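**Student:** With the sequence up front, the predicted model follows.
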Amino acid sequence: MTLRSEIIKKGIERMPHRALLCATGVPFSEFNKPFIGVASSFTDIIPGHITMRDLERYVEKGIHTGGGYPFIFGIPGICDGIAMGHSGMSYSLPSRELIADMIEVITNAHQFDGLVLITNCDKITPGMLMAAARLDIPSIVITAGPMLAGYYKKRRLNLTSDTFEAVGKYKRGLIKEEELKILESLACPGPGSCQGMYTANTMACITEALGMSLPGCATVPAVMSQKKRIAFESGVKIVELIKNNITSRKIMTREAFENAIIVDLTLGGSTNTVLHIPAIAYEAGIKLPLDIFDKLSRHTPHLCNMIPGGDHYMEDLDRAGGIPAVLHRLKNMIRPNLTVSGDNILEIAKKAVVLDEDVIKSLDQAYHKEGGIAILKGNLAPDGAVVKQTAVHESMLRYEGLAKVFDTEEEGMKAILNGQIKAGDVVVIRYEGPKGGPGMREMLSPTAAIVGMGLSESVALITDGRFSGGTRGPCIGHISPEAMEGGPIAILRDGDKILIDIPNRRLEVKISDEEISKRLSTWKPPEAKIKFGYLARYSKMVSSASSGAIMV
């Protein structure tokens, strides 16, 4: 077995390199072993990442047990919940590219033989998978696990319903300030990624379905000792992957990506996956057009009714058998593919058992015949737009309303909380796309406020920005082309009639083609919001949301 790391440790000319490694404490007895990078996104500020110091220890133990030598290095992370609703959210999606670049730089500079990627939250997980696909060396991912539900007055609590949506309820007078304070302290009781099928947990499930993490990894709660055992076993497995030359692209195939999309759709996962899965596939040299989500969604049943759209929490999904049990339901739909465990994904599916029929429905008892995501097109979104259709009330699947147009999230949020939005309105928030935002901010604050104020069955929201996995209701995001690129959303005016037709996949403004052309002929892009720093560079280099908002 020839190791990549031999380039920094073999031969007389590498004496200076060995001297530096000796300075770090590497024993001479370890120089012939695989050198393995352990990328950890530990930070004190993200609940989903505060347990990673323990996971690092167990990964180290596993690597040593397997016959390798580990080197831990740090990768930054952003908590989308804390970054939400202000300028900080502009940095979240762009951080995905930074994470992928940093792992590439550190891995290739030190010629690691393999990677263990310890991650958990929204943009960190896809960023790490992008790096694994780009580098194409043996890699394994450990997602640090979901948070347990909070508890108050005989009911379970979660971040979205009991904090973001509680703001709107308080504004309506439905709850008092004293209860708001109680919810604030109890909704998030401890470590882990937020409790439902939001972006972090959706990406963890996708990672396992891709074959890039060990069975069970996605759903085991962060506080469980089983997570440490998975970390240990991942350390052992990475050495095995190196010895067998099982690189990331041998696992992340076209079949694997389609399997992952099917799992995403059956779970009713976050719309952010429509950005992340194509971006990861791009790094693996695979083109995944936006339409693949809609094509697969038409034939994929929605089997798990997870919050925010449903009632079940990640801890319920774990007790029901986790992703292996979901795969068991889908075993006639998914295609054979290698995984980091050494087992084929179909073998995992066939061996699994569904332990709770209420949490993971059978195919003939599906909540919906179609999957969670729908792609809409029309004169308002020529290149596509995205909606989580399984989180939309049946009465709002087809809706016509009058536009109320805002050029920033803040303007829209202010109007919602001040009671300026009424039944029959379509809130339009534009210039929040990848280029215009810049950074394509999530809109959980306004969407949650609409729900909290009791408007989710009478008001829609459309944007060229994106939504948190916690969003529910008739909320259409990723409208492409975005306003900053001169997409039709840029020329909408207050009072324009908007048609949302999810079953027929249409998003239209009810004005003539001639009127659209006339308005576009006089449109001029506004001045860039950010003129210096990383976001200014990002806005110049980022592609459309319809192609994954990758930097080209």
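**Tutor:** Sure thing, it's come through. Just so it is clear, the structure is predicted and the values come from calculations on it, not from any experiment.
**Student:** Go ahead and confirm residue 219 touches residue 312.
**Tutor:** No - using Cβ atoms under 8 Å, residue 219 is not in contact with residue 312, being 11.2 Å away. Backbone N, C-alpha and C define where each C-beta goes, glycine included.
**Student:** quick one: what helix or strand has residue 455 in it?
**Tutor:** Under DSSP states H and E, no helix or strand contains residue 455.
**Student:** What does the pLDDT read for it?
**Tutor:** Per-residue pLDDT puts residue 455 at 90.
**Student:** do residue 472 as well
**Tutor:** 81.
**Student:** helix/strand/coil for it?
**Tutor:** Following DSSP: H, G, I helix; E, B strand; the rest coil, we place residue 472 in the coil state.
**Student:** any idea how far it lies from residue 374?
**Tutor:** 14 Å (Cβ to Cβ, to the nearest Å).
**Student:** hey, where'd the strands end up in the chain?
**Tutor:** 35-40, 69-74, 114-119, 139-143, 150-152, 155-157, 373-378, 381-388, 398-406, 425-429, 460-463, 475-480, 497-501, 506-509 (DSSP state E).
**Student:** any idea of the pLDDT on residue 161?
**Tutor:** pLDDT at residue 161 comes out at 85.
**Student:** Kindly reformat the strands of the chain as CSV containing mean pLDDT, distance to residue 355 and mean neighbour count.
**Tutor:** As requested, these are exported to CSV (pLDDT from 0 to 100; distance: least, Cβ to Cβ, whole Å; neighbours: other Cβ atoms under 10 Å):
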stretch, mean pLDDT, distance to residue 355, mean neighbour count
strand 35-40, 98, 32, 25
strand 69-74, 98, 34, 18
strand 114-119, 98, 27, 29
strand 139-143, 98, 21, 31
strand 150-152, 95, 23, 15
strand 155-157, 95, 19, 16
strand 373-378, 96, 27, 22
strand 381-388, 96, 26, 24
strand 398-406, 97, 38, 19
strand 425-429, 97, 42, 26
strand 460-463, 96, 37, 28
strand 475-480, 96, 33, 28
strand 497-501, 97, 38, 18
strand 506-509, 98, 40, 21
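**Student:** Dump these to a markdown table, plus distance to residue 543.
**Tutor:** A markdown table is the format used below for these (distance: least, Cβ to Cβ, whole Å):
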| stretch | distance to residue 543 |
| --- | --- |
| strand 35-40 | 25 |
| strand 69-74 | 28 |
| strand 114-119 | 24 |
| strand 139-143 | 25 |
| strand 150-152 | 39 |
| strand 155-157 | 38 |
| strand 373-378 | 17 |
| strand 381-388 | 11 |
| strand 398-406 | 25 |
| strand 425-429 | 21 |
| strand 460-463 | 18 |
| strand 475-480 | 10 |
| strand 497-501 | 26 |
| strand 506-509 | 21 |
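**Student:** nearest to residue 307, of the ones you listed?
**Tutor:** strand 155-157 (9.0 Å; Cβ to Cβ).
**Student:** can you give me how far that closest one is from the chain middle?
**Tutor:** 24 Å (Cα atoms, centre = their mean, to the nearest Å).
**Student:** Please measure how far the first residue of stretch 535-552 sits from its last one.
**Tutor:** This stretch, stretch 535-552, spans 15 Å end to end (Cα to Cα, to the nearest Å).
**Student:** my bad, stretch 152-172
**Tutor:** Note: stretch 152-172 ends 21 Å apart using Cα to Cα.
**Student:** Flag every buried residue along that stretch.
**Tutor:** Buried residues in stretch 152-172, defined by neighbour count with 16 or more other Cβ atoms under 10 Å: 156-171.
**Student:** what's the offset of that stretch from the middle of its chain?
**Tutor:** Per Cα atoms, centre = their mean, the centroid offset for stretch 152-172 relative to its chain is 23 Å.
**Student:** ditto for stretch 205-221
**Tutor:** Worked out by Cα atoms, centre = their mean, stretch 205-221 lies 14 Å from the chain centre.
**Student:** Equivalent analysis for stretch 275-291, please.
**Tutor:** The answer for stretch 275-291 is 14 Å, by Cα atoms, centre = their mean.
**Student:** So what touches that stretch?
**Tutor:** Applying Cβ atoms under 8 Å, 6 or more residues apart in numbering, the set of residues contacting stretch 275-291 from outside is 93, 96, 100, 125-126, 129-131, 133-134, 136, 203, 206, 248-249, 252-254, 257, 260-261, 264, 274, 375, 383-384, 440, 466, 478, 545-550.
**Student:** just the buried members of these?
**Tutor:** For these, buried by 16+ other Cβ under 10 Å: 93, 96, 100, 125-126, 129-131, 133-134, 203, 206, 248-249, 252-253, 257, 260-261, 264, 274, 375, 383-384, 440, 466, 478, 545-550.
**Student:** mind listing which of the residues you listed are in helices?
**Tutor:** 93, 96, 100, 125-126, 129-131, 133-134, 203, 206, 248-249, 257, 260-261, 264, 274 (DSSP state H).
**Student:** Over to residue 309: give its phi and psi.
**Tutor:** phi -80, psi -20 (degrees, to the nearest 10).
**Student:** of residue 219 and residue 312, who's got more company?
**Tutor:** Legend: neighbour count by other Cβ atoms under 10 Å for residue 219 and residue 312, higher for residue 219 (25 against 20).
**Student:** residues touching the more buried one, list them.
**Tutor:** Per Cβ under 8 Å, 6+ apart, neighbours of residue 219: 145-146, 201, 204-205, 314, 317-318, 322-323.
**Student:** do that again at 6 Å, thanks
**Tutor:** Contacts for residue 219 (Cβ atoms under 6 Å, 6 or more residues apart in numbering) come out as 314, 317-318, 322.
**Student:** Near residue 518, how many residues? Count them for me, please.
**Tutor:** Neighbour tally, residue 518, other Cβ under 10 Å: 13.
**Student:** What of residue 494?
**Tutor:** 11.
**Student:** I'd like the numbering to begin with 55 instead of 1 from here.
**Tutor:** Okay, using 55 as the starting number, the last item reads as residue 548.
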